[in-house]
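Q: sharing a model prediction with you, sequence too.
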Amino acid sequence: MDQEKFGFVRKEILTQFIFFLGLFRSIMVFGIRGVICPSNWLTITGSCQWYNVAFELLLLAVAVLLLVLELVWDRDWKRLMQACRANWLVLGFVGLAGLSLIWSIQFNITLYKFTVLLGSSFMAIYIGHIFRLEKLIKNITWFYFVICFFSLFFVFFLPDYGIMSNPFYKGAWNGIFWNRNYLGCFMALGIALFLVNLLSIKKPRRGFFYLNLGLLTVASFLLVKSKSATGIISALVLVALVVVLYAWIKWGQKMKPAHYFGFLGVATIAFMIVMSNLNFFLGLLGRNSSLTGRVPVWEYLFQHVINQRPWLGYGYGAIWHLHGFGEELAQKFNWGFAVLIGDNGFIDIQLHLGIVGLSILLIMITLGFIRGIRYFLKERTMIDAFPILVLFFGVVANISLSLILETETLVWIVALATLVSIENKSHVKSLTLTNEGQG
């Protein structure tokens, strides 16, 4: 194996390790919380209990060290710093999370969560910097293969872990994750990923075709068995978007303005029908317009928590680590178990970093869509549509689940890496190996 090929393999292994770290807190065996503090509502009443945080931070340090060694080996610091500067708004968001140490209700927790965010962001920019989008998507695909395999393994061989026993969720599959909604949502993104691969594969690469066809089947099966309404809705939205984008690639050049207006009109009417009959459509999934009790909790959070610290929040990542806070919310709404997260990524960011942090995040998402759409319009392939799909997934799934840096950073890493990858396409140096003979 020549030196260039060896470096290529090293980077792929490091990328898989980084993806694993992105899922660390959402995998059941590692625990949703690395630290819990006893509290009376938002007032900490005793010493916090720290669990496997040291192990998590050790793994993070190893990943960063390996990354630094790769940079030294490739002498690639300058271009990576250029990629960081090009994503200055991301660094601004991370910087705000760091500044929240000043006003955090629990300094040590915010320091821990900020360290994870900083490391994840740096590693995401690095991954996007070294990989072309096509190769990045292949790495994500192989990581999804691992997720699907171990989720099935947990269900069939470790059912006490892989199938939920809580009366409210009894029988729903959660696979390797601590909650069925995480399995459902990640499978929704996986379905879109595998469809993109299937629609992009050329005939000679049959092995990769059958791999993605099999993964699409498994992901769909896991999604259904998770019984996750959030996952199912996310999957439907993403599949519809894949169909629309693929149709545009095939026939977009023949479309006239009247076609676009017609499509927009049909989409608007469909949206109005769904919204005016929301309880009916959600009822098909066994849900209602309260989103399984989430809406009353959100209203309470806005009225009694967020409005106390509207601008800067309670410190990045701190509030849901207070045991008494989640317990008292559960009592107020008769949930029967502690409220662990806000089940809305945008509300959770506002809890952590206030209006300022949420505004920066929304601007980042908007600019990300602009960057992704411009790139797709230029390249016109399904592979190049993937950044748009990831951002759509992030927006839709986070409406009823916290997938923005709450118990995982994988979505953040994948979204940021894909956007950096398309921005730095002309600067990719380290991994320009062709895929001849692969797949």
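A: Done, it's in. Owing to the predicted nature of the structure, the values given are computational and were not obtained by experimental measurement.
Q: can you name the next helix or strand after the helix or strand of the chain with the lowest mean pLDDT?
A: Lowest on mean pLDDT, DSSP states H and E among the helices and strands of the chain sits helix 278-283, with a mean of 76. Following helix 278-283 in sequence order, the next helix or strand is helix 294-304 (DSSP states H and E).
Q: okay, how far is it across stretch 37-52, tip to tip?
A: End-to-end distance for stretch 37-52, by C-alpha to C-alpha, to the nearest Å: 14 Å.
Q: what's it in contact with?
A: Applying C-beta atoms under 8 Å, 6 or more residues apart in numbering, the set of residues contacting stretch 37-52 from outside is 30-31, 33-36, 105-106, 108-109, 305, 314, 319, 321-325, 328. C-beta: built from backbone N, CA, C; applies to glycine.
Q: which stretches of this structure form strands?
A: Along the chain, counting by DSSP state E, strands occupy 35-36, 39-40, 43-44, 49-50.
Q: who does the third one pair up with?
A: Each strand pairing with strand 43-44, determined using DSSP bridges, is listed with its direction: strand 39-40 (antiparallel).
Q: right, and Trp298 touches Ile347 too?
A: Yes - contact criterion C-beta atoms under 8 Å: Trp298 and Ile347 qualify, at 5.8 Å.
Q: so for these two, which sits in the more crowded spot?
A: Ile347 (23 against 18; other C-beta atoms under 10 Å).
Q: quick one: contacts for the residue nearest to Val411 when sequence neighbours are not counted?
A: Of all residues not flanking Val411 in the chain, Leu403 sits nearest, at 4.9 Å (C-beta to C-beta, 6 or more residues apart in numbering). Contacts for Leu403 (C-beta under 8 Å, 6+ apart) come out as 185, 345, 394, 397, 411.
Q: same question, Trp335
A: 293, 329.
Q: who's in contact with the least confident helix or strand of the chain?
A: Defining contact as C-beta under 8 Å, 6+ apart, one finds that helix 278-283 is touched by 229, 274, 288-289, 291.
Q: from those residues, which is closest to Leu101?
A: For these, the residue nearest Leu101 by C-beta to C-beta is Leu291; the value is 32.9 Å.
Q: go through the least confident helix or strand of the chain and flag the buried ones.
A: Leu282 (16 or more other C-beta atoms under 10 Å).
Q: roughly how far apart are Val420 and Phe386?
A: The gap separating Val420 from Phe386 is 13 Å, by C-beta to C-beta, to the nearest Å.
Q: which of the contacts of stretch 37-52 fall in helices?
A: 108-109, 323-325, 328 (DSSP state H).
Q: quick check, nearest of those to Ser359?
A: Ile109 (23.4 Å).
Q: now do the contacts for the closest one.
A: By C-beta under 8 Å, 6+ apart, the residues touching Ile109 are 35, 37, 48, 315, 317-318, 321.
Q: ok, now with 7 Å
A: Listed by C-beta atoms under 7 Å, 6 or more residues apart in numbering, the contact set of Ile109 reads 35, 317-318, 321.
Q: could you measure from the residue nearest to Val411 over to Trp77?
A: 32 Å.
Q: show me what the longest helix seen in the chain is packed up against.
A: As assigned by DSSP H, the longest helix anywhere in the chain is helix 345-379. Helix 345-379 sits against helix 88-99, helix 294-304, helix 386-397, helix 410-423, with contacts defined as 3 or more C-beta pairs under 7 Å, 6 or more residues apart in numbering; DSSP states H and E.
Q: of the ones you listed, which is nearest Trp142?
A: Closest to Trp142 of the helices and strands packed on helix 345-379, according to C-beta to C-beta: helix 410-423, at 13.2 Å.
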